[in-house]
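S.K.: Dropping the sequence and predicted coords here.
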Amino acid sequence: MKYWLMKTEPSTFSIEDLARAPKRTTCWDGVRNFQARNMLRDDFAKGDLAFLYHSSCDVPGIVGVMKVSRPGYPDHTAFDPDHDHFDADSRREEPRWFMVDVTLERRFSRVIKLEMLRAHAARELAGMQLLRTGNRLSVMPLDEVHWKFILALE
DNA sequence: GCCAACGTTGGC
DNA sequence: GCCAACGTTGGC
């Protein structure tokens, strides 16, 4: 089993939205970066666990845990000309973008703030992609040791 | 609102 | 293949 971190802007889609969704499940659409696409398509497996991260908000940080409930499949929002995530270069016969389904496992009792993660950047969380300057991937893998350490921060 | 960092695009 | 221009991300 693998571990992931997935970013979302809560003003667009938050953990509250996921908690209210049918079966607490959503398709993770709209990823339009090739490196992230490759991971969604090739590396995500059913049963993998992912941290849900709120970005571009008052208190950026990890807010809960999700489980991958369906592995990579074509992102249909790319086919819809009326959708924000439409991409004319993605065709049904040859989809360019992929997504997974995620199901909310648990909301944290408090936000594990980015600030708190940074405090451990030089030691326990050394090498964590999220903490690398300029990292803009919205989906990234996480080491098991980092996953466990972060869980203990709650 | 600012700005650093990075990905993408397109001219050559 | 290079690289400048541009757009986006995302913390502050």
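M.R.: Happy to help now that I have it.

S.K.: How many residues are close by A:Arg20?
M.R.: A:Arg20 has 10 neighbouring residues, counting by other Cβ atoms under 10 Å. C-beta here means a position set from N, CA and C on the backbone, and glycine is covered the same way.

S.K.: and if you look at A:Asp42?
M.R.: Residues near A:Asp42, counting by other Cβ under 10 Å: 11.

S.K.: now do A:Ser109
M.R.: With other Cβ under 10 Å as criterion, A:Ser109 counts 6.

S.K.: That one falls within a strand, correct?
M.R.: Yes. Inclusion of A:Ser109 in a strand is indicated when DSSP: H, G, I helix; E, B strand; the rest coil is applied.

S.K.: ok, now which ones touch the closest residue to A:Arg91 other than its chain neighbours?
M.R.: Spatial nearest neighbour of A:Arg91, excluding adjacent residues (Cβ to Cβ, 6 or more residues apart in numbering): A:Phe79 at 7.6 Å. With contact set as Cβ atoms under 8 Å, 6 or more residues apart in numbering, A:Phe79 has these partners: A:86, A:90-92, A:95.

S.K.: Need the residues you listed in JSON lines (columns: neighbour count).
M.R.: What follows is the contacts of A:Phe79, written out as JSON lines (neighbours: other Cβ atoms under 10 Å):
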{"residue": "A:Phe86", "neighbour count": "12"}
{"residue": "A:Ser90", "neighbour count": "19"}
{"residue": "A:Arg91", "neighbour count": "12"}
{"residue": "A:Arg92", "neighbour count": "9"}
{"residue": "A:Pro95", "neighbour count": "17"}
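
S.K.: wait, which of those residues is closest to A:Tyr3?
M.R.: A:Pro95 (26.0 Å; Cβ to Cβ).
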